[in-house]
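A.B. asks: Could you look at this predicted model? Sequence included:
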Amino acid sequence: MKTPISKHFNYEEFEFSQKANELGIDNNIPSDKIRFAIRLLVLNLLEPLREILQRPLILTSGYRCPALNKEVGKANDSQHLKGEAADLHCEGALEVLSLAQIVLRHKLPFDQMILYESFLHLSFKANGQQRRQILYDKSYKEAQL
């Protein structure tokens, strides 16, 4: 049974990781603090985006435990470790740039937005002001050439 966060999101999709399954890593959310951060991310950013799009958002990465984060080679201070970030794409082949533009056009709150070739990283800080920082990964830049 899935534990809902909102109409379109649940905690289990934030825990799911193909890589964690392959490596036998337990990627279950370990604390209420992280669950709360995920809830804030969903209610302030992801669910409003989903409602605007009227199409499913597919999470490719949500919460990452330290062992999984290390295996995927990401920063030790990744917001995924705190439940403050999600990597996603939109069902129906909506381009990453279009998805980013919708977030901006609708003035949705975010801390960081990183455009990758095949997904968009969005984060929402549980505490403090959102930076509204926009970055472009090398994979996105290379795909544009």
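C.D. replies: Received, thanks.

A.B. asks: Spell out which helix or strand contains the residue nearest to the spatial centre of the chain, please.
C.D. replies: Central residue of the chain (C-alpha atoms, centre = their mean): residue 86, 0.8 Å from the mean position. Using DSSP states H and E, residue 86 sits within strand 85-90.

A.B. asks: and residue 33, what is it in contact with?
C.D. replies: Shown in contact with residue 33 (C-beta atoms under 8 Å, 6 or more residues apart in numbering): residue 83. The C-beta positions use only the backbone N, C-alpha and C, and glycine is treated the same way.

A.B. asks: can I assume it sits in a strand?
C.D. replies: No. Read with DSSP: H, G, I helix; E, B strand; the rest coil, residue 33 is helix and lies in no strand.

A.B. asks: was I right about the residue nearest to the centre of the chain contacting residue 58?
C.D. replies: No. Taking C-beta atoms under 8 Å as the definition, residue 86 is not a contact partner of residue 58, at 10.2 Å.

A.B. asks: pLDDT weak spots in the protein?
C.D. replies: Under the criterion pLDDT under 70, the flagged ranges of the chain are 93, 145.
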